[in-house]
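Asker: structure, please.
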Amino acid sequence: MNDEITPASLKAMRHARGLSTSQMAKLFGLSGANAKDALREIEDGRRPISGPIRRVAEFMIAAESAIEAIRQGSPGSATLYLRQVLGPEIEDERYAADGRSEPRHCAGSSVVGAGTSQT
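Answerer: Okay, the predicted model is just below:
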């Protein structure tokens, strides 16, 4: 991602979404009695931002940008935003080879193609 994730940007992300420190800590996978204190330390710059927290924050930004691109009628831009975080693996070889715009199925899901369900 082009935007650097900083302690201040994490705090701003939390505030913009109306989340408490406990809620954001849970979203980042922090657990235990000290989870919200750990997040406060990260937001205050007293503890480094771990790789997993950085990746979740980057994905949140990319996902929100992708949703906005879809709302504005630009699904190609949505793919670009997600590719920034997920890399080329979002182009699954199971459907990219036949030119389909969506996968035939999602593992662990009943979704097959667009708008159909597996029986």
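Asker: for Leu30, which non-adjacent residue is closest in space?
Answerer: Ala38 (5.4 Å; C-beta to C-beta, 6 or more residues apart in numbering). All C-beta atoms are positioned from the backbone trio N, CA, C, and that covers glycine.
Asker: can you report phi and psi for that neighbour?
Answerer: Note on Ala38: backbone dihedrals following degrees, to the nearest 10 are phi -60, psi -40.
Asker: just confirm it contacts Met24, I think it does.
Answerer: No - the criterion here is C-beta atoms under 8 Å, and Ala38 misses it with Met24 at 10.8 Å.
Asker: just checking, what packs against the helix or strand containing Lys11?
Answerer: Taking DSSP states H and E as the criterion, Lys11 maps to helix 7-16. Contacts defined by 3 or more C-beta pairs under 8 Å, 6 or more residues apart in numbering; DSSP states H and E place helix 7-16 against helix 21-27, helix 35-43, helix 51-71.
Asker: give me the angle between it and helix 35-43.
Answerer: 130 degrees (axes from the mean of the first three to the mean of the last three C-alpha atoms, to 10 degrees).
Asker: which residues touch helix 7-16?
Answerer: With C-beta atoms under 8 Å, 6 or more residues apart in numbering as the test, helix 7-16 has contacts from 3, 21, 24, 39, 42-45, 49, 53, 57, 60-61.
Asker: and what of stretch 57-66?
Answerer: For stretch 57-66, contacts defined as C-beta under 8 Å, 6+ apart pick out 1, 3, 5, 9-10, 13, 28, 49, 77-79, 81-82, 84-86.
Asker: wait, what's in contact with Glu43?
Answerer: Glu43 neighbours (C-beta under 8 Å, 6+ apart): Pro7, Ala8, Leu10, Lys11, Arg14, Thr21.
Asker: thinking again about what came up before, so which of the contacts of stretch 57-66 belong to helices?
Answerer: Ser9, Leu10, Met13, Ser77, Ala78, Thr79, Tyr81, Leu82, Gln84, Val85, Leu86 (DSSP state H).
Asker: which one of those is nearest to Asn34?
Answerer: Leu10 (17.1 Å; C-beta to C-beta).
Asker: great, nothing more from me.
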